[in-house]
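Visitor: Generate a structure from the sequence data that follows.
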Amino acid sequence: MKAVRVLALGAVILLAGCAGPIERWIVQTRVHQGDVAMARHNLHDARIAYRLALRLAPKDAKARSGFVLASVGAATTLYEKGDFDDANAVINEALGYDRQSIRLQSLRESITQAKLKREIVLSNYPTYAAAGAQIATSYASFTSENALILKSIKRFTYTYDTTDLKDAIKQSYALQLDLAKTTNRLIAYRQLVESGVPTTGTTAPNTTGGTSLLPLP
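Guide: Numbering: from 1, shown residues only. Below you'll find the model as predicted:
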């Protein structure tokens, strides 16, 4: 019985002696996993790996810098999606490991300013999102129209039929007209988000179609 107790005590001492190296190995492994995820632009997995490393070694320099870098990327992505609250949550967590990070502080300030400007835009033009999406869709359609022009020009290089060039010219004129109309809609859109919806009794600038008499910017 005494021999068993001695063996058990020896095992505890042995494990205690190995705890440091094992813990260090786990931290290094997690940091490596975070580095690999970062190289693959997988910010979500990178943050998880670095966070797990920091749970064991909160002061590990590589884990801290990796976590902050991954958090800057993740918060930037959320910011660009308009998810301001989630972006700030990511930033605040990262600041716990690097309070002096210029990138984190700058990004947080950008988000603060964006939130203030969003409130102004909302008060001026509550339906700005839908109108902006329509304009963006219009501009995206120009890609297909431009492709038709290029296709007609390309076809002439092997048909040598000037009809193909005439088609390209017609398509180009149509594209210019659509572009002019959409540009006027964009000008009207800018006016609305900056100055607000006109008061009752006045005509609001047309942002859904047609032309506008607004001056060029």
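
Visitor: And stretch 103-120, what's buried?
Guide: For stretch 103-120, the buried set under the neighbour-count rule, 16 or more other CB atoms under 10 Å, comprises R103, L104, L107, R108, I111. No exception for glycine: its C-beta is placed from N, CA and C like everyone else's.

Visitor: quick one: contacts for the residue nearest the centre of the chain?
Guide: The centroid of the chain falls nearest to T77 when counting by CA atoms, centre = their mean (3.0 Å). T77 sits next to L43 when contact means CB atoms under 8 Å, 6 or more residues apart in numbering.

Visitor: Helix, strand, or coil at it?
Guide: helix (DSSP: H, G, I helix; E, B strand; the rest coil).

Visitor: Wait, L186 touches I135, no?
Guide: Yes - applying CB atoms under 8 Å, one finds L186 in contact with I135, separated by 5.7 Å.

Visitor: how far away is the residue nearest to the centre of the chain from Y50?
Guide: As judged by CB to CB, to the nearest Å, T77 and Y50 stand 17 Å apart.

Visitor: Also S195?
Guide: 46 Å.

Visitor: These two: who's more crowded?
Guide: Y50 (30 against 11; other CB atoms under 10 Å).

Visitor: Mind pulling up the pLDDT for the more buried one?
Guide: On the pLDDT scale, Y50 is placed at 97.

Visitor: per the record, what domains does this protein have?
Guide: 2-124, 128-195 (automatic domain parsing).

Visitor: how long is the last one end to end?
Guide: End-to-end distance for domain 128-195, by CA to CA, to the nearest Å: 12 Å.

Visitor: Run the chain-centre distance for that domain.
Guide: Relative to its parent chain, domain 128-195 has a centroid offset of 27 Å by CA atoms, centre = their mean, to the nearest Å.
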